[in-house]
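Chemist: Predicted model and sequence below, questions to follow.
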Protein chains: 2
Amino acid sequence: MAALPAPETSSSTRFESVLEAVRAAILAGEFEPGKRLHEIKLTTLLGVSRTPVRAALQKLASEGLLDYTPNRGYTLREFSMDEVISAYEVRAVLEGLAARLSAERGLNVGEIGTLQQALRDGDDLLRNGHITDEHRSEYSRINACFHVTIHASAGSRLLNDMVYLCQQVPVSSPRNVVAFEEVDVRRRHEDHHRIFEAIVGREPWRAEMLMRDHVASVKSSLIRSLASPAAVQAATKTARRLRR
Amino acid sequence: MAALPAPETSSSTRFESVLEAVRAAILAGEFEPGKRLHEIKLTTLLGVSRTPVRAALQKLASEGLLDYTPNRGYTLREFSMDEVISAYEVRAVLEGLAARLSAERGLNVGEIGTLQQALRDGDDLLRNGHITDEHRSEYSRINACFHVTIHASAGSRLLNDMVYLCQQVPVSSPRNVVAFEEVDVRRRHEDHHRIFEAIVGREPWRAEMLMRDHVASVKSSLIRSLASPAAVQAATKTARRLRR
DNA sequence: GTCAAAGATAATGTATACATTTTGTGCTTG
DNA sequence: CAAGCACAAAATGTATACATTATCTTTGAC
């Protein structure tokens, strides 16, 4: 097993450093699914005592990355493709609910501004004919901003936490980057415009259905790309997690 | 603050005993919302060291009952009525999704048998004219069995975990038992029949809508009973949590 | 009298020793 | 040779001492 990065990043407590280090190691594939993560091995790897290691493992278990059995420690969960797909199903209904609640409550001026800015930024980015990898990366940021703002405007912490949990589900496939065709990006950006319109127009049901289908379309892309491996782009180490 | 029950219940590790003891104390209202839960006070109350106490507090925080801030410990969350209501919204869409996935996958013979038994037991219970408190308690068990079976048949652990999280949201109101009129119980049992029919008949969309409305109706009951306090039954210490 | 800074107090963060449980190894036994 | 028991090794569970951080109190200056 390769040495883990030093935990002294920028966090205040060792627990947080260890948490991020172990999480990164898991997502980087440093551990085998189903295998145990021994506390002592991690302490020697990270140069800290068992106390923060135990806390970090417990947190990762609560996020769903590890399984815990009393007196037997933690094992790395393995995620089947079914579980990854159903994570998108869950996320679709949750984000749909967030859009509905947001439309019911109404957006405040700050949220409207943020969403409009995200829409404008996306428009500018997609104005040019061809989109490069930098464009994709930038759009990913814009996209996240758009969705996070809607989650927050729903006003439910439970809902926020659950969307976060969905995003913690790793993709088990070795080539785990969904192939985003340019046409897909453009279509999803159009979705954003309509979703914003529905929320601002206080149309809860329409907002929910649009958002649900918007998120579910990523699931469809995932299934399509897995069915035809030729369409799968080369996976990079830096993009291990699916964005919508 | 009253003394907590002794932790030596029947669990193997002290961590689990402490977890249940503190959880019970929280739900019994032994702590004030927004106030800190000091580790040392809990150690003296429970007669264990800080190690299992810390682990239990961390778990409770991951379940959403406590807030954690580094170097500042844990505080008891307070749940507004809005949060309680949106917890039911979340649960409605999640259980709706579970019913849809169940209808898509199809039930196995064991699941069909369990559900049919739950439906028959409910029929028998509601055959008599008037229902007593024991009937309500027994129906609660039957109801839980029905729902749990459907969650399991959906085949998504993430979904299961999230429904569990919804159920962990405590009700902040001092009178926290929803008034279940007899007519409500009968209507919900009828819902169960139709939901079962939709799942067995492999009608995913219908199953989802029926289940969603079924769970959402509890939210409506909650709002109704809060709007007219006269309709709120006397709350008992033994029924601190809302059942659907 | 109010505010601020410094010290005292108390809480959480961490390391480590010890207890308990699991797990692996090798021996015995049928 | 296989099965099972006993012991040994290692891992997790727990307690506790110490380190670090937050909080409270007191003291001083303005």
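Modeler: Ah, there it is. Numbers count the residues shown, from 1 in each chain, chains lettered A, B, ... in the order given.
Chemist: any idea which residue sits dead centre in chain A?
Modeler: For chain A, A:Q167 is the residue whose C-alpha lies nearest the centre (C-alpha atoms, centre = their mean; 3.2 Å).
Chemist: Quick check: it vs B:A92, distance?
Modeler: Taking C-beta to C-beta, to the nearest Å as the criterion, A:Q167 is separated from B:A92 by 22 Å. Glycine gets a C-beta too; all of them are placed from N, C-alpha and C.
Chemist: How about A:S49: what's its closest non-neighbour residue?
Modeler: Spatially, and ignoring its direct neighbours in sequence, A:S49 is nearest to A:T43 (6.1 Å; C-beta to C-beta, 6 or more residues apart in numbering or on different chains).
Chemist: ok, now A:V18?
Modeler: Taking C-beta to C-beta, 6+ apart, and ignoring the residues beside it in sequence, A:V18 has A:A56 as its nearest neighbour in space, at 4.3 Å.
Chemist: For the helix or strand where that neighbour lies, which outside residues touch it?
Modeler: Secondary structure here is read from DSSP states H and E; on that basis A:A56 sits in helix A:50-62. By C-beta atoms under 8 Å, 6 or more residues apart in numbering or on different chains, the list of residues contacting helix A:50-62 from outside reads A:13-15, A:17-19, A:22-23, A:26, A:37, A:39-40, A:42-43, A:46, A:66-68, A:73-74, B:54-55, B:58-59, B:62-63.
Chemist: Same question for stretch A:98-111.
Modeler: Looking at what lies outside stretch A:98-111 - C-beta under 8 Å, 6+ apart - the contacts are A:115, A:149-156, A:159, A:163, A:195, A:198-208, A:210-211, B:86, B:89.
Chemist: residues contacting the residue sitting furthest away from the middle of chain A?
Modeler: Counting by C-alpha atoms, centre = their mean, the extreme residue of chain A relative to its mean C-alpha position is A:N71, 31.7 Å from that point. Shown here is A:N71, whose contacts under the criterion C-beta under 8 Å, 6+ apart are B:S12, B:T13.
Chemist: Check the gap between it and DNA strand D for me.
Modeler: Taken as C-beta to the nearest atom of the strand, to the nearest Å, the spacing of A:N71 relative to DNA strand D amounts to 5 Å.
Chemist: what about that residue, which SS state?
Modeler: Under the three-state scheme (DSSP: H, G, I helix; E, B strand; the rest coil), A:N71 adopts coil.
Chemist: thinking again about what came up before, which pLDDT does the model give the residue nearest to A:V18?
Modeler: Confidence at A:A56, expressed as pLDDT, is 98.
Chemist: Please tell me how far it sits from A:R23.
Modeler: Plainly put, A:A56 is 8 Å away from A:R23 if you go by C-beta to C-beta.
Chemist: the more surrounded of those two?
Modeler: A:A56 (28 against 17; other C-beta atoms under 10 Å in any protein chain shown).
Chemist: How much space separates that one from DNA strand C?
Modeler: For A:A56, the distance to DNA strand C - C-beta to the nearest atom of the strand - is 9 Å.
Chemist: number of nearby residues for A:T51?
Modeler: 15.
Chemist: brain fart, A:G113
Modeler: A:G113 is surrounded by 12 other residues when neighbours are defined as other C-beta under 10 Å.
Chemist: Kindly report the same for the one 10 residues further on.
Modeler: Around A:D123 there are 12 other residues, counting by other C-beta under 10 Å.
Chemist: hang on, the earlier thing: tilt between the helix holding A:A56 and helix B:50-62?
Modeler: Angle, helix A:50-62 to helix B:50-62, by axes from the mean of the first three to the mean of the last three C-alpha atoms, to 10 degrees: 30 degrees.
Chemist: list the buried ones in helix A:50-62?
Modeler: Taking 16 or more other C-beta atoms under 10 Å in any protein chain shown as the neighbour-count basis, helix A:50-62 is seen to contain the buried residues A:P52, A:V53, A:R54, A:A55, A:A56, A:L57, A:Q58, A:K59, A:L60, A:A61, A:S62.
Chemist: Write out the residues of chain A neighbouring chain B.
Modeler: Along chain A, the residues adjacent to chain B under the rule C-beta under 8 Å from any C-beta of the partner chain are A:12-13, A:15-16, A:54-55, A:58-59, A:62-64, A:70-71, A:82-83, A:86-87, A:89-90, A:93-94, A:96-97, A:101, A:154-159, A:161-162, A:165-166, A:169.
Chemist: okay, now the domains of chain A?
Modeler: In terms of domains, chain A is parsed into A:14-76, A:81-231 (source: automatic domain parsing).
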